[in-house]
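S.K.: pasted the sequence and its predicted model underneath.
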Amino acid sequence: SSITSATPALVAQAKKDWVSSLPCFSHLSPLQLEKFSQKATHLTFNKSESIIEEGSPGTLFGIVITGTVSIYAKGPNNSPILLCTQQQGFFFGEAAIIGNTTTTASIIAETKTSILALTSKDLQQLANESPEVRNSLLHTVSLRLKQNLLAIPIFAQMKSILEQKKYGRAKRSEAEGGGV
């Protein structure tokens, strides 16, 4: 379904469909879903346009509806490190809003991109009204932190070394009859 449909009723239904399709919002009551879709704004970004700048205040929560975005973090000498590229259904901005801090990465539109956006105030209110939403967002924040760290070469090397050591210990233990 397209957010740019002609009638307000179709636009409202499309917003509800998008929001309810995300696992972290699947627990919303019909009333919460209605509130979310009423407050959500449809924004469009052109190719190469910045959606969020790393270090800016966390004021925007977005869900990618169409298009492709790339997520970058500043590396040594402020050189950008590509953390990942995402498409439809990806959401962002939750970490800075939930943590009441600045953003931890930059998000750039790789193609013309449409998002559904909520303000930090509206997302915080939703998270406070629904413990399931809050817990799901916190879980997402922790998973993304781990993924983002592992995208940085030194941490990826450390993980590889630790896994090799763990695998080596398991093989030795198994060889000694101790199982894994």
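M.R.: Looks like it arrived, so ask away.
S.K.: CA atoms for contacts and neighbours, from now on please.
M.R.: Fine.
S.K.: you'd agree Leu82 is up against Val69?
M.R.: No - using CA atoms under 8 Å, Leu82 is not in contact with Val69, being 10.9 Å away.
S.K.: the more surrounded of these two?
M.R.: Val69 (27 against 18; other CA atoms under 10 Å).
S.K.: residue contacts, the more buried one?
M.R.: 85-87, 107-111, 113 (CA atoms under 8 Å, 6 or more residues apart in numbering).
S.K.: now those in TSV, with neighbour count and pLDDT?
M.R.: Conversion of the contacts of Val69 to TSV gives the following (neighbours: other CA atoms under 10 Å; pLDDT from 0 to 100):
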residue	neighbour count	pLDDT
Thr85	15	94
Gln86	17	93
Gln87	18	93
Ile107	25	95
Ile108	22	97
Ala109	24	97
Glu110	20	97
Thr111	17	97
Thr113	23	95
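S.K.: next step: these restricted to strands.
M.R.: Those of those mapping onto strands are 85-86, 107-109, 113, per DSSP state E.
S.K.: need the strands for the protein, in chain order.
M.R.: Under DSSP E, the chain gives strands at 41-45, 50-52, 60-66, 69-74, 80-86, 91-92, 106-109, 113-119.
S.K.: what's the closest of those strands to Asn100?
M.R.: strand 60-66 (11.6 Å; CA to CA).
S.K.: who's in contact with that closest one?
M.R.: In contact with strand 60-66 (CA under 8 Å, 6+ apart) are residues 18, 87-94, 97, 112-120, 123.
S.K.: name the nearest residue to Leu33, ignoring sequence neighbours.
M.R.: Nearest residue to Leu33, sequence neighbours excluded (CA to CA, 6 or more residues apart in numbering): Lys16, at 6.3 Å.
S.K.: how close does that neighbour sit to Val64?
M.R.: 14 Å (CA to CA, to the nearest Å).
S.K.: tell me which of the two has more neighbours.
M.R.: A direct count of neighbours by other CA under 10 Å for Lys16 and Val64 places Val64 higher, at 22 against 19.
S.K.: check what pLDDT that one gets.
M.R.: On pLDDT, Val64 comes in at 92.
S.K.: which residue packs closest to Phe45, ignoring adjacent ones?
M.R.: In space, Phe45 comes closest to Thr113 once its chain neighbours are excluded; the distance is 5.1 Å by CA to CA, 6+ apart.
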